[in-house]
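[1] Here's my sequence, what's the structure:
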Amino acid sequence: MANKPQDFPIYKEIPSDEMTRLVDSYLHGFEIIVNNIFSKQVSSNISCDRVVLTNIIDRVQRRRIYFHIFYNGTQMGDINEASLICFLILKLTPFSHVDIPNANLNVKIAYHFLVDMLSFISGNKKVIDLNAVQKYNLLYAFKYRDLSKEAIMAIAESLIS
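    Numbering: from 1, shown residues only. As a prediction, this is how the structure comes out:
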């Protein structure tokens with residue numbers, strides 16, 4: 001456990017070649033999610049802003065340091081990381097389509113990303129299967145409520161437990 005400032009991890013910017021690899025990896029994962037949500041005709045016209053995605057990856061890295069410092073050496077964990085990425089998709093709206101409002105598009109992608117990641121994290125022991133009312137309420141909250149990243153983390157924990 002770090003007790004002195006010099007013992008804390010220091011944020012280091014991700015090297016550009018590593019960031020490019022990470023962005024490409026994230027884009028591939030999001031492409032799979034988008035193809036599962038939308039028809040081929042719609043999904044082929046969805047784009048992701050690489051600058052915003054780079055910003056999301058950078059913020060996740062910074063949050064890892066924050067967790068380590070403010071939670072006594074605790075790592076962020078997969079559930080919290082997935083929740084943070086979901087939150088950042090909702091706030092920074094990296095995805096766009098000419099015919100779909102950005103808010104609607106990013107809410108759907110964030111929702112499916114979170115549910116898919118929670119199913120993956122749980123080792124597919126418990127596939128997250130929300131009924132229609134639960135799904136509607138979560139999508140509504142993502143779109144219209146001012147949810148914090150911590151609130152989304154708590155929701156994610158409750159869905160997987």
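[2] Just give me the residue closest to the centre of this structure.
    Compute the mean C-alpha point of the chain, and by C-alpha atoms, centre = their mean the closest residue is Ile85, 2.0 Å away.
[3] correct me, but that residue touches Arg59?
    No: in this structure Ile85 lies outside contact range of Arg59 using C-beta atoms under 8 Å: 9.1 Å. Bear in mind the C-beta positions are built from the backbone N, C-alpha and C, glycine included.
[4] coming back round to it: tell me which residues touch the residue nearest to the centre of the chain, please.
    Shown in contact with Ile85 (C-beta atoms under 8 Å, 6 or more residues apart in numbering): Ile56, Val60, Phe113, Met117.
[5] any idea which of these is closest to His28?
    Nearest to His28 out of these is Phe113 (C-beta to C-beta; 13.1 Å).
[6] tell me which strands and helices the helix or strand where the closest one lies is in contact with?
    Here Phe113 is covered by helix 102-121, with elements defined by DSSP states H and E. In this structure, helix 102-121 packs against helix 16-37, helix 78-92, strand 95-96, helix 132-144, helix 149-160, with contacts taken as 3 or more C-beta pairs under 8 Å, 6 or more residues apart in numbering; DSSP states H and E.
[7] List just the nearest of the contacts of Ile85 to Ile14.
    Looking across the contacts of Ile85 and measuring by C-beta to C-beta, the closest to Ile14 is Val60, at 10.1 Å.
[8] Now do the closest one against Ala132, distance only.
    Distance, Val60 to Ala132, by C-beta to C-beta, to the nearest Å: 31 Å.
[9] coming back round to it: tell me which of the helices and strands packed on helix 102-121 is the most buried.
    When these are scored by mean count of other C-beta atoms under 10 Å, the highest mean neighbour count falls to helix 78-92 (a mean of 21).
[10] ok and that helix relative to helix 132-144, angle-wise?
    Angle, helix 78-92 to helix 132-144, by axes from the mean of the first three to the mean of the last three C-alpha atoms, to 10 degrees: 50 degrees.
[11] quick one on the thing from earlier: neighbouring contacts of the helix holding Phe113?
    If you take C-beta under 8 Å, 6+ apart as the criterion, helix 102-121 is touched by 30, 33-34, 36-37, 46, 78-79, 82-83, 85-87, 89-90, 93-97, 126-128, 130, 135, 138-139, 142-143, 152, 156, 159-160.
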